[in-house]
Structure formats: C-alpha cells, structure tokens
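Engineer: here is a sequence with its predicted model. Questions after.
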Amino acid sequence: MNGFAYLRPTGVQEAVDAYAAHPGAAYLAGGTNLVDLMKLGVARPTALIDVGRLPLDTIEERPDGSVRVGATVRNSDLAADPRVRDRWPALSQALLAGASGQLRNAATTGGNLLQRTRCPYFQDLGKPCNKRAPGSGCGAREGVHRDHAVLGHSEQCVATHPSDMAVALAALDAQVELYGPEGARKLPVTDFHRLPGEHPERDTWMRPGELITGVLLPATTAGVPSAYRKARDRASYAFALASVAVVLRVADGVVDQVAVAFGGLAHRPWRARHTELALLGAPAGPAAFEGAVALELAHAEPLRDNAFKVPLARNLALDVLGRLAPAPAGV
Amino acid sequence: MTATALGAPAERREGRQKVSGGARYAAEYTLPGRAHAWPVPATVAHGRVTGVDTAAALALPGVLAVLTPGDAPRLATPEDATLAVLQSPDVPHRGWPVALAVAETPEAARAAARAVRVDYAGAPHDVTLTEGHPDAYAPEEVSSGAAHVEHGDPEAAFAAAEVRVDAVYRVPPLHNHPMEPHASTAHWDGDRLTVYTSSQGGTTVRSVLAQLFELDEDRITVEAEHVGGGFGSKGTPRPDVVLAALAARHTGRPVTLAYPRRDLPAVVGHRAPTVQRLRLGADRDGRLTAVLHEVTTHTSHVKEFVEQAAVVSRVMYATPALRSAHHVVPLDVPSPSWMRAPGEAPGMYALESAVDELAHALGTDPVDLRVRNEPGSEPGTGRPFSSRHLVECLREGARRFGWAGRDPRPRSRREGPLLIGTGVAAATYPVQVAPSTATAQALPDGTFTIRLNAADIGTGARTVLAQVAADALGVPLDRVRTEVGRSELPPAPLAGGSSGTASWGWAVHEACAELAARLAAHTGPPPAEGVEVRADTTGKADAESPYARHAFGAHFAETAVDTVTGEVRVRRLLGIFAAGRILNARTGRSQFTGGMTMGLGMALTEHSSLDPAFGDFTESDLAAYHVPAHADVPDIEADWIEEDDPHLNPMGSKGIGEIGIVGTAAAIGNAVHHATGVRFRELPLTPDRILPALSAEE
C-alpha cells in the first residue's frame, strides 16, 4: 500500500514545523474528504499531520463583539452554538444544510473550507482533469457537467467549490486565521479561495505549509439579519445545485447593509458585488432586488447543460432577500 | 392450535444479529491466510488489451500476484458472457476487469491494482441510446416471453380514435446499489472449492462455478448466510465470485474480493435506459380502443438483455387493438441486467403516465378511467385472471387518501411558493414460482427444523418460512428453526422475480404437511435422529397455469413543487396492494414501503449518466448517485386488501418484493403534473428539468 507517515503534533508551531520537515505532507483534521481522496488515489500525501486534536476547538467571544471559531470546532458544534444561531444565523443554517449528521460530527471548520471539488472527473484517475493533473485537460467542460460552474470558470476548469459553510462565511465577511512558516496572517474568506484561471490545481491563496487556526466572525455582521438557502436534488445529503447566503439590514425602507454570496455556481463562494453595490442605499423592495440580482447574474456563462442554475440562483437570492426585508410600513 | 402463524407480524429472526454486528457477510470470513483481491477496470470504452505491465505492482510490499488476461487460469466458456473475466484481451466496455491484484491486505491490493499499467488498442465506441438508432433491432424474446405481442389493427385503431395520447417517456439508467457491495471469499482445498458470497441464489452460484471450473457440483460449497440486499443485481453470479475463485486458485490462498462501490455500476448490471412511445386511443366515454407501447432500450455487446418495459400493456387494460413491442440497441456499455421489477417499473411509469394524460384529455377522473377499462381477461393472452383486485385497490386507496373531492384542475392548489398536487397510478407484477426442494425434520424435543438453500437477502425469508412451517405443522412458531443459505441444504431457486417465498414456501409447506401426517400416524416421541421428510415441487410449481396470475396495486401521491427552486418533494405516499395472502405483516410491509421508496427515488432523485466521451457511468458513488435520504420520505404508508386466490400455491401468496416500486414514479409524476400543469416525461424530476419548465409556464 501507499505508505505515509502519521504525526500528531500537540501545538500549532509543532504542526507547522512537522509540515516543513515532511515534503509532500498534508494536514488532516476530520478526514471526511481527505481520506476519501487518499482511497481514490487522488491525494497521495507522504505524511499526515493530524491537527484534529490541536487545542483549537473552542468558540470564543471577543470584547469587540466578534467571535473566534477555532479551526477544529466540529461543524455540528458550530451550527448548534447559541451565539452563532443568534447573531449569524446564515452560518448555522448553511452548516446544517451540508452533508449528513454523521459527517458534520466529524468535519471541522478549517477542513470544511479546504474541501476539494466533488467533480467526478477530478475523482477519477482514469480521466483528464487539470485540477488533479495539470495539463491533462478537462473532462467536464464537454462532458457531464450539470452540477458545474456558471460563473468565473476557465478553459482549464469548470469545477465548483462544494462547501455550504464557506458561502455563509463569505457573506458574513468572516476572516480566515492562518499560521505558517512566515508567521500569522488573516485573509477575508472572500479572498481565500481562488478562481481556476490557468491554475485550477490551486484551490486557495494559502501559502505552502500554512495551517488554518481559526475563523473570525466579525462584529460588523453580528446580529444583522442573515439567512442561507440551498437547492438540491434530494432533501438531505446532496451538494448545492445553487445556494445563497444573504446579510441584509434595512433602515427606513432603505438598504443600509447588504451582502450576497452564491454557492454551487463557481470555483469559490461568489460574492455578488454588483448586486450589493446596486442595493446599498436603494429602497428595499422586489424591484430593486430583482434588478440588482440580475446585474450579477448577467455575468454568468452557463455550460451546455447547466443554464438552469442562473434562474435558480436568481430565485434563491430574491426569495431570501424578500424574506429578510422588513415588510413595508403600513402593510 | 391457536391463531395461525401465517400473516402474523413475526419479527425478523436475525434482526438482533444484524443490528448488533454479529451477522457475518461474505467479505467477513477471515479464513487463515486469507488474501484480498482488487480489480483493475478498463479505462477505454472499446478495444483490446495489448500489454499488462505488472512489475511495479508486484514490487509493492504485500503483493502476491497480479492476474491478467494472459495468465489467469482458464475457464470453460460461461453461458453468461459477463463471467468470462480475464479470459480474453477484448475490452467490451469501460470498467470491464482487465487485471486483478492480490495482496495481503485490501489496501495493498488496491495500491497494486493502481500500479498495474495496461496498454490498449482503442477502438471507436458509442454509448448513446437514441430513438431510431441505426443498430436497433427487434429481439425475438424478452425474459417473460415474446418480445412483440400484437392483436387487432393498432395503427388503424389509433388513427381512428376519438381521443388520442401520443407521448414519449424516458427513464435513465439506474443502479441497484445494494448496501452490501458484491463480495465473495473463495477457498480451494485440493479440488474442493468453498465460496462465501453475497448472492440471491446460492444454488445457481454452485452450478455456474461447477461449469466454469469444470468440477462436479458436490466438490463445491456455496454459503450466503446473510446478504445485504441485491435488488436483482445478485440474482445470478457476478464477476466477484469468479474472480475470487480464480485468484484463490492462482495463489493457493483463500481470497476475498469485495467490489469497490465505484466499480459496481460497470460490473454488476444496471437498469437499462428506456425510451417509450405510448399511444392510447379512446372513445369519448374513455374506453380504450388502441394501446401501442413501443420501447427502445440498450444492451451491451457482451450479451443481450432487454428491459421488457412494454409487457405491462399486455396485462393492464382492455383494448381491442394492442401492440407491445421492444427494440434494443447494442452499445459499448456495461451489460444491463435485472433491477427490481425489470420491465414493469419503467414500463408502468410510461403507461400510467399516459393513462393520466388520457384522463386529463377526456376530463375524466383518473381512478374512474382505470376502472372503466378493467379487462375481463388478460389482454395479451385472453386467459382469465386467477384473481384481480385492482379496482378494489384503487377504491380503497382513494378512500384512505382522501381522493374524493379533489379539484382535478392542474395548478389549482397553492401554498405560498409551493404548488401542491396529487396523483394516482396502478401497479402490477406477475406471479412467478419455481420448483424447490425442502426438508422438514421433527426432533424428539418437540422442535422442528426446516432446511433448504433459500437466500435471505434482507426480506425476512427465514422468518416467513418458519411461519409457513409452523402453520402447516400446527405448532407454535418458536418451535421451528430455519436453515437457509448453504449449498449442502436441499436445492432451492433464487430470491428473485418476487418468487422466493412462493417457491420455497410451497416446498416447505409440502414437507411439513407430510411430516405432520406422519407424526399423527406415529405414537410416542420421534426417534433420537428425528423424523425427516423431503419435498420436491417439481411438476407442481412449474405446471402451466390456465390462469393469468398477477399482483396489483394502486399508489397515491401528494407532492409539493417549489416554484422558487423547482425542487419536488413528496408529502404523502400511499400504496394499497392485492397480492394474495400476505404471510408476514411486518416484513411484508417493509417490502412494500421499501419498493415504494425505491420508486420515489426513481421519480425524483436517481439517475445515471453515460459519458459519451469516456463511455462510463458518471455517477459512481452514493454521494453522486442519489438514492432517497430519510428526509425525502416523510410519510409513506403501505397496506393491502385481503385476497383469497386458490390458483397460486398452498399459502395463497403472490410475490411482494417488486410491486412496491411499480407505478410509484407515475403516481408522483402525475401529482407533479397536477401541481404544476406541466407534463414532464423524463425522469428524474430534478430542479434542472422542473424550474425552466415552470418559468416558461409563468
């Protein structure tokens, strides 16, 4: 069998050092995706550095009203946390819309962000895939691609990012805490995942050896109405055909704060900046919502068999915006 | 004697063992020195293996051997060509096994399989089924008989009909995906072969292995004590048992092969896709004047298998003009095979959708329309029905479901963004029964043992056969033991075609009835070795019946269609069946609701795609091939009406393993039409189909 070293560091620095000492290593947390990929032969790490038991499993409130979620907090625990449910409900809803109960019990916050695409060509060693084997081609572009991207794809790759959680985090302006050989830094979730471009083999902007240590939920979105909605083939345990996370605050009938992020449409959670720009300061209502969402989705470039995702994403966004907007006065 | 054991909701006898992990499955026989095998699937859709380089694989630690088409032990030519594995360099489809790695552990075997380098000479391939495909031909036979049945002048009758429905329905490829993958452990002791295998019929496994390995059957032992589902895909031996036996012979070690989930679609059979044209002609009163059911399906180049979807039109409705016909296109695809109600499940989706379309065209209630076309005898043969209570199922279902007072207008019920609709469809499945043997033994302690090589594939066969025995013996159920699943037991046919309980139960009943008579004539306790009676139903079970024998049923569905997303969810599903005597109310209900759940999957979530470029099924794991989750099945209910049919078998039972899936998809599809006003004619009803059509309707 494919041999690999297994290490269980007790601290973050030790983990990062271990990674540096083992070229070809991978960090292992819940293992719900990485272990599958190893069985398939898609991932072949020389060493697994098990960070699943690092002391990063707490959710802490900070004086400024933000909350820091440790990287190894399990998806089930994060979804159930009363502070999260109360102040960032979109995050809790997104987590509960993902995977199955068993998987959520094992999967971690950091690992969820680092899931790889579920594109069937990526998972099949017998087929071309530029993400798995750069330069080999893309089997999905002309193949079976109903589930693939409609925004931001490239000639090289039409895969989507599978996470629900990341979509909510993107809308909530969360930040990813990283620690690596060059020290600690933070990246907004919106700048964490890449578009495929010429290098679909790179999912994120993480630097070699960096480890996710936590996620920061900012005070700026705490308590602002938010919601997540996902459309899928079956009622549970299915990846999003499309999904949306919306943060919306309306004051005096005018949009005061807004964030919209789509899932299932692109290689990363897709922040709908055109929509947000159009809505900020606009009267909160169906006409404004419709126009603003259309502005974003005008950029969609569906493949042969996935054009349905565009009206689906539109409907999801309008539905959630409509639900979060307070009813006009007098109604 | 107290209440009869037959019909009682007796608990599954091996239930505790199964839920506590004690039940042993084929891959769990940890024989001393056991090795593990891992297949190497072909990565071209058509061609020839020109070379297999095993050096890198053999150099890996723990690797014992790599079998290739060039050096694997030779087999006699099998009747089922899908079992001629590693016998020729030809590659008939992607996924066909082209080598087999054997190693000390499954992980080492998997790594070795990946390290095998196979070179191919590729050839052009075609995996796309189309109507009017140039290679389509009319097969001579389907599994139930003639491929083509016709009477009257259907074309003329249809052309002259006052009201006509002419529609094409499509069902995609579907996979059985039993929870337990196909797995076998094989062990040679000299020229004696023992296999532990996951099979619906160990008797056939033994005879096939005997033929392939040119052994007498008495040199072969086949055990299948517990089987984690099959749904047809384990009805006959599949490559796992042949490969395990080849590897065990080649290495001299016991070998287990548990087929990887991802490889199953290409290796164990699938439900072939169908394109079905339905033409129904009727007079203004809703009496059918023409039924034309024409099916195009695919098969592989390995063997001909025809998904006999048109046969249901020979059974269901009275018509003076009938055509029930099949065409099949050989493609470079994996070989299709049986999947729960092969033929009936897709066929009744099309027929019962078309009947709903006709009801809509006529402005007639779809229950009434079916009642109006109830035949006096079987339309395809003219034979009288042994019993037929479809009308009673429809009426009882309608009553329980609250069908009366339904507003028939499509799109007439809305709850916010949800469109609500209800639909009905009929179900049918033939009665099949095969000869079986069984022994019944009375022991001095007052207990009894029933023995036969039946297969309990999760249906509760052990339990129900004990009930049959207890009933025939007139003793309490807890005094009867059942031994099944081993080839040294009296031979018995497979658990398939909804025939197992009828076939086995008949022999058990006969053996027990005779044993009871013998015991009645005997004074004192039985001798120490017991008293044993053997029965063989050959000549009885397979006697030609003058009757058309079928089970019937009716499904009622309520669906909610979300106009925001195009998601369809079933709110309620009710099935009422008439299937002779139900022998165990508990396991029987499980069979019905299990079939209905699978039908729900067929309607809403399950589909497989053949990739035109690569030639294989794209959805290869259970994350991508969507069987229903619990959340998809909120309220499902199955019940039955008492049916007393003297023309079946001593228990008066019809089969119930398959009818639950038949018609479910049509009831759900008809409910979606009622909800939305849009007629969808291609399964499954996923948002990519529903949403664009709803938008077009707005």
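Structural biologist: Arrived safely, thanks for sending.

Engineer: how many neighbouring residues does B:Asp635 have?
Structural biologist: 10 (other C-beta atoms under 10 Å in any protein chain shown). C-beta coordinates here come from the backbone N, C-alpha and C atoms, glycine included.

Engineer: show me what contacts it?
Structural biologist: Each residue near B:Asp635 by C-beta atoms under 8 Å, 6 or more residues apart in numbering or on different chains is listed here: B:571-573.

Engineer: do B:Leu358 as well
Structural biologist: Applying C-beta under 8 Å, 6+ apart, the residues near B:Leu358 are B:163, B:165, B:280, B:282, B:286, B:369.

Engineer: let's see that with 10 Å instead.
Structural biologist: B:163-165, B:167, B:278, B:280-282, B:286, B:288, B:364, B:366, B:369, B:373 (C-beta atoms under 10 Å, 6 or more residues apart in numbering or on different chains).

Engineer: who are the neighbours in contact with the residue nearest to B:Val678 when sequence neighbours are not counted?
Structural biologist: Residue nearest to B:Val678 in three dimensions, not counting chain neighbours: B:Ala693, with 4.7 Å by C-beta to C-beta, 6 or more residues apart in numbering or on different chains. By C-beta under 10 Å, 6+ apart, the residues touching B:Ala693 are A:308, B:566, B:676-680.

Engineer: ok, and the most crowded of the contacts of B:Asp635?
Structural biologist: Neighbour-wise, the contacts of B:Asp635 (other C-beta under 10 Å) top out at B:Leu573, 27 neighbours.

Engineer: so which of the contacts of B:Leu358 is the closest to chain A?
Structural biologist: B:Ala167 (22.7 Å; C-beta to the nearest C-beta).

Engineer: what bridges to that closest one?
Structural biologist: B:Leu278 (DSSP bridges).

Engineer: am I right that it is in contact with B:His293?
Structural biologist: No. Using C-beta atoms under 10 Å, B:Ala167 is not in contact with B:His293, being 11.2 Å away.

Engineer: how about whichever residue of the stretch 351-500 of chain B sits closest to chain A, what does it touch?
Structural biologist: Ranked by C-beta to the nearest C-beta, the top residue of the stretch 351-500 of chain B for proximity to chain A is B:Pro417, at 7.4 Å. Applying C-beta under 10 Å, 6+ apart to B:Pro417 gives the contacts A:315, A:319, B:560-565.

Engineer: quick one: which of the residues you listed is nearest B:Thr587?
Structural biologist: Closest to B:Thr587 out of the contacts of B:Pro417 is B:Ala560 (31.1 Å), distances taken as C-beta to C-beta.

Engineer: what's the helix or strand for the closest residue to chain A within the stretch 51-200 of chain B?
Structural biologist: Scanning the stretch 51-200 of chain B for proximity to chain A using C-beta to the nearest C-beta identifies B:Glu107 as nearest, at 3.9 Å. B:Glu107 is part of helix B:106-115, with elements assigned from DSSP states H and E.

Engineer: what are the pairing partners of the next helix or strand after that helix, and which direction each?
Structural biologist: Counting by DSSP H and E, the next helix or strand C-terminal to helix B:106-115 is strand B:117-122. The pairing partners recorded for strand B:117-122 under DSSP bridges are strand B:47-53 (antiparallel).

Engineer: contacts for the strand it pairs with, please.
Structural biologist: Outside strand B:47-53, the residues touching it (C-beta under 10 Å, 6+ apart) are B:40, B:42, B:66-71, B:86, B:88-92, B:94, B:96, B:98-99, B:115-125, B:332.

Engineer: buried set for the next helix-or-strand element following that strand?
Structural biologist: Next along the chain after strand B:47-53, taking DSSP H and E as the criterion, comes helix B:55-58. Using 16 or more other C-beta atoms under 10 Å in any protein chain shown as the test for burial, helix B:55-58 gives B:57-58.

Engineer: picking up where we left off before, show me what the helix holding B:Glu107 is packed against.
Structural biologist: helix A:34-40, strand B:35-41, helix B:55-58, strand B:63-67, strand B:97-103, strand B:255-258 (3 or more C-beta pairs under 10 Å, 6 or more residues apart in numbering or on different chains; DSSP states H and E).

Engineer: and the angle from it to strand B:97-103?
Structural biologist: 140 degrees (axes from the mean of the first three to the mean of the last three C-alpha atoms, to 10 degrees).

Engineer: and helix B:106-115 with strand B:35-41, angle?
Structural biologist: 30 degrees.
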